[in-house]
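>>> Sequence first, predicted model second:
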Amino acid sequence: MPPSQLHAGGGRIVLSQHNGDPVFAQLSSTYPLKLLSPRVHQKPVAVVYALTYGGGLVSGDQVHLSAEIDRGVILVFLTQGSTKVFKTRGEQRLASVQRLFPESSTAQTYTTPTIQKMDFRVSSNSVIVLLPDPVTCFRAASYSQIQTFHLTKEASAVVLDWMTSGRRSLGEEWVFSRYSSCSEIIVEGTTIAKDVILLEADEPGVDPFPRRTLAERMHPYSCYATVLLCGTAVRAAIEHIKNDYEKITVMKSSAPANFLWSFSLIRPDGDGAIVRVAGKDTETVKEWLKAALSCLEEVIGIDVYRRAFV
Amino acid sequence: MDNSDDETYLLLLLSDSNLPTGSFVASSGLESYITHAFGSKDSYERTVSFMHDSLASYARSALPFVSDAHQLVSQYRNTPASDRSVLSDLHSLDHLYETMTLNHVTRRASKSQGVALLTLYSKGFSRPPSFSSPSADTDRDKVDAKISDLVTQFKLCIRRETTHGHLPVCWGILTAALGLSLERSQYLHIFLQARSLLSASIRLNEVGPYGAQQILLHVSRPLISVQVEKCKDLRTGIISGSSSVDETINGPANTWPLGEILAVRHDLLHSRIFNS
């Protein structure tokens, strides 16, 4: 698909393999999305950074990225800095551009949300590693993220999805209007994991009780992360995290911990797992993730891995 | 007996706390929430805040499955032919719940309660062989036999491990099989979830039996109404397919990530009295 046929916010990645080298058969994007690929010297690894102009997304922005990863290559997908989602505005931006997604019937309820949709197709013996920075939704922002991963039986995936509570320097703590994230992993046409998180500000008050705010529900943490791991290439990483998890014993405590995490295997064969993390600050969560996923150094190389959690 | 009397009788039957549904071993994360020191220092308030967040997330993630399973079995009940596709649709629904419940502790509890409901139907709610139908209505007998056969088939699939038998799916099947309306089924499911949380709270010495009744009457009631109202029209997309790019608008979702972490960590508790 030539760039001229991409919609606003569209992106397309086709990563092939030639004599063991990863080669981009296609790497194109349109405003406000920008894809960049730095040179890396770690066969068969390729790195793509997804950037947005101005470092954030505003209401009505619709990013739709699709990627195909050919046999025997590894795509590491990163961002530079957190994805900032600005407050929802009533009017439409980019009015002259054809809308990517048709308005749903309930669109009035959520005035022009920001949507980020990504589809990855991963061939055998290939790996997709998604290690973006967290999403930060500002006051009154409305954001939806839909990520789908189609894997063959011998493909693997690492999917990190995380968010922070807002601009804490401005006193924002879970005051966006809506955040939703759906990450689905499909192996050979069968869904093995579909993680859907929905956070809405307006949990209704129940008379005579005051309304329960989102901040109360998320308290005392301001950063939440989810990591999905799937496939034989990440078996060692799963094993490593599982061992650490099994060492934990929880005694009765007097106050919530500064940091908390959980681990579950999600496939009977053990080649799939989910890790959830909550922390009082983003830095603690980042440091923990960096250490917990360090087995990925073996998969993508230490230099590439270092680009992830900076 | 008219239809509403029938329904009232079923409601009384299904809300009996003696029903062997296995819910008495589940705290749905409450025990872990307390051990991890979340919520207020006041145990009564702690139970209320847990119920608020937990029930909202449960309604949002489970009711679409109750609704779809109920619809599938009701349709099956009302069509003269025995369409076998209902079984494969129930499998798809059950599979989707498994893939969306990414938590081994909740999966375990949900499966054991689900299969208990189907056992309850076949062992407890089937007519004794020596009884003839009170209405001597042979058509109704045929429908009952057809539904009973479907439940038996589904149960067999669970035993063979070709499906999981998750609680919301089995609840939808059970209530539709008994002829309870969808609205009542949805409401009762969330009510029972609330009551089961309060039973757990009593066992954990958080609230007393009187306090629990007080919460159930004054706190849970409006809470259940709001959540059921909010989630009653949500569907999984298995039956009709999803019409929207963003499924989170009309579909199941987890609304309390912290509750999820705490529920998984139940198995790490040094001492525990519940199974989930």
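Right, received. Where do you want to start?
>>> Distance check, the residue most central in space within chain B against B:Tyr97.
By Cα atoms, centre = their mean, chain B has its centre lying nearest to B:Pro168, at 3.9 Å. Applying Cβ to Cβ, to the nearest Å, the value for B:Pro168 to B:Tyr97 is 6 Å. The way it works is simple: take the backbone N, C-alpha and C, and place the C-beta from them, glycine included.
>>> Give the residues shared as contacts by these two.
Common contact partners of B:Pro168 and B:Tyr97 (Cβ atoms under 8 Å, 6 or more residues apart in numbering or on different chains): B:62, B:65, B:110.
>>> What are the boundaries of the strands in the stretch 51-200 of chain A?
A:56-57, A:62-69, A:74-79, A:83-85, A:114-122, A:127-130, A:135-137, A:142-151, A:156-164, A:178-187, A:190-200 (DSSP state E, counting those that start in this stretch).
>>> Mean neighbour count, mean pLDDT and distance to A:Tyr31 added to those strands, as JSON lines?
Output for the strands of the stretch 51-200 of chain A, formatted as JSON lines (neighbours: other Cβ atoms under 10 Å in any protein chain shown; pLDDT from 0 to 100; distance: least, Cβ to Cβ, whole Å):
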{"stretch": "strand A:56-57", "mean neighbour count": "22", "mean pLDDT": "87", "distance to A:Tyr31": "12"}
{"stretch": "strand A:62-69", "mean neighbour count": "22", "mean pLDDT": "96", "distance to A:Tyr31": "10"}
{"stretch": "strand A:74-79", "mean neighbour count": "23", "mean pLDDT": "97", "distance to A:Tyr31": "17"}
{"stretch": "strand A:83-85", "mean neighbour count": "23", "mean pLDDT": "91", "distance to A:Tyr31": "16"}
{"stretch": "strand A:114-122", "mean neighbour count": "22", "mean pLDDT": "96", "distance to A:Tyr31": "15"}
{"stretch": "strand A:127-130", "mean neighbour count": "24", "mean pLDDT": "98", "distance to A:Tyr31": "22"}
{"stretch": "strand A:135-137", "mean neighbour count": "25", "mean pLDDT": "95", "distance to A:Tyr31": "20"}
{"stretch": "strand A:142-151", "mean neighbour count": "22", "mean pLDDT": "96", "distance to A:Tyr31": "19"}
{"stretch": "strand A:156-164", "mean neighbour count": "24", "mean pLDDT": "98", "distance to A:Tyr31": "25"}
{"stretch": "strand A:178-187", "mean neighbour count": "23", "mean pLDDT": "97", "distance to A:Tyr31": "24"}
{"stretch": "strand A:190-200", "mean neighbour count": "20", "mean pLDDT": "96", "distance to A:Tyr31": "28"}
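>>> Need those in CSV (columns: distance to A:Ala8).
Shown next, in CSV, are these (distance: least, Cβ to Cβ, whole Å):
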stretch, distance to A:Ala8
strand A:56-57, 12
strand A:62-69, 7
strand A:74-79, 19
strand A:83-85, 17
strand A:114-122, 12
strand A:127-130, 23
strand A:135-137, 20
strand A:142-151, 17
strand A:156-164, 24
strand A:178-187, 21
strand A:190-200, 26
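>>> was I right about B:Gln71 contacting B:Gln186?
No. Judged on Cβ atoms under 8 Å, B:Gln71 makes no contact with B:Gln186 at a distance of 11.3 Å.
>>> between those two, who's got more neighbours?
Taking neighbours as other Cβ atoms under 10 Å in any protein chain shown, B:Gln71 and B:Gln186 compare with B:Gln186 leading, 26 against 17.
>>> buried stuff in the helix or strand where that one lies?
Here B:Gln186, judged by DSSP states H and E, is contained in helix B:182-203. By 16 or more other Cβ atoms under 10 Å in any protein chain shown, the buried positions in helix B:182-203 come out as B:182, B:184-202.
>>> what's B:Gly251 in contact with, if anything?
Counting by Cβ under 8 Å, 6+ apart, B:Gly251 has contacts A:196, B:64, B:234-237, B:242.
>>> 10 Å instead, please
By Cβ atoms under 10 Å, 6 or more residues apart in numbering or on different chains, the contact set of B:Gly251 is A:180, A:182, A:194, A:196, A:198, B:60-61, B:64, B:96, B:100, B:234-238, B:242, B:244.
>>> The residues you listed in strands, which ones?
A:180, A:182, A:194, A:196, A:198 (DSSP state E).
>>> okay if I get those residues as TSV plus distance to B:Met51?
Output for the ones in strands among the contacts of B:Gly251, formatted as TSV (distance: Cβ to Cβ, whole Å):
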residue	distance to B:Met51
A:Ser180	24
A:Cys182	27
A:Lys194	26
A:Val196	22
A:Leu198	19
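>>> Reformat those residues as JSON lines; add distance to chain B.
Putting the ones in strands among the contacts of B:Gly251 into JSON lines (distance: Cβ to the nearest Cβ, whole Å) gives the following:
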{"residue": "A:Ser180", "distance to chain B": "4"}
{"residue": "A:Cys182", "distance to chain B": "6"}
{"residue": "A:Lys194", "distance to chain B": "5"}
{"residue": "A:Val196", "distance to chain B": "4"}
{"residue": "A:Leu198", "distance to chain B": "4"}
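>>> Does B:Thr35 touch B:Asp267 like I think?
No. Look at B:Thr35 against B:Asp267 with Cβ atoms under 10 Å: they stay out of range, at 11.9 Å.
>>> Common neighbours of the two, please.
Counting by Cβ under 10 Å, 6+ apart, the residues touching both B:Thr35 and B:Asp267 are A:Val250.
>>> of all of the stretch 101-250 of chain B, which residue lies closest to chain A?
B:Thr248 (3.8 Å; Cβ to the nearest Cβ).
>>> In terms of pLDDT, where does that residue sit?
With respect to pLDDT, B:Thr248 scores 77.
>>> ok so it is a helix residue?
Yes. Checked against DSSP: H, G, I helix; E, B strand; the rest coil, B:Thr248 lies within a helix.
>>> which residues touch the residue nearest to it when sequence neighbours are not counted?
The shortest distance from B:Thr248 to any non-neighbouring residue, by Cβ to Cβ, 6 or more residues apart in numbering or on different chains, is to A:Ser180 (3.8 Å). If a contact means Cβ under 10 Å, 6+ apart, then A:Ser180 has A:110, A:113, A:115, A:142-146, A:196-200, B:246-249, B:251, B:253, B:255 as its contacts.
>>> Tell me where chain B has helices.
For chain B, applying DSSP state H gives helices covering B:3-14, B:30-35, B:43-78, B:85-100, B:104-119, B:138-159, B:167-178, B:182-203, B:209-214, B:221-231, B:257-264.
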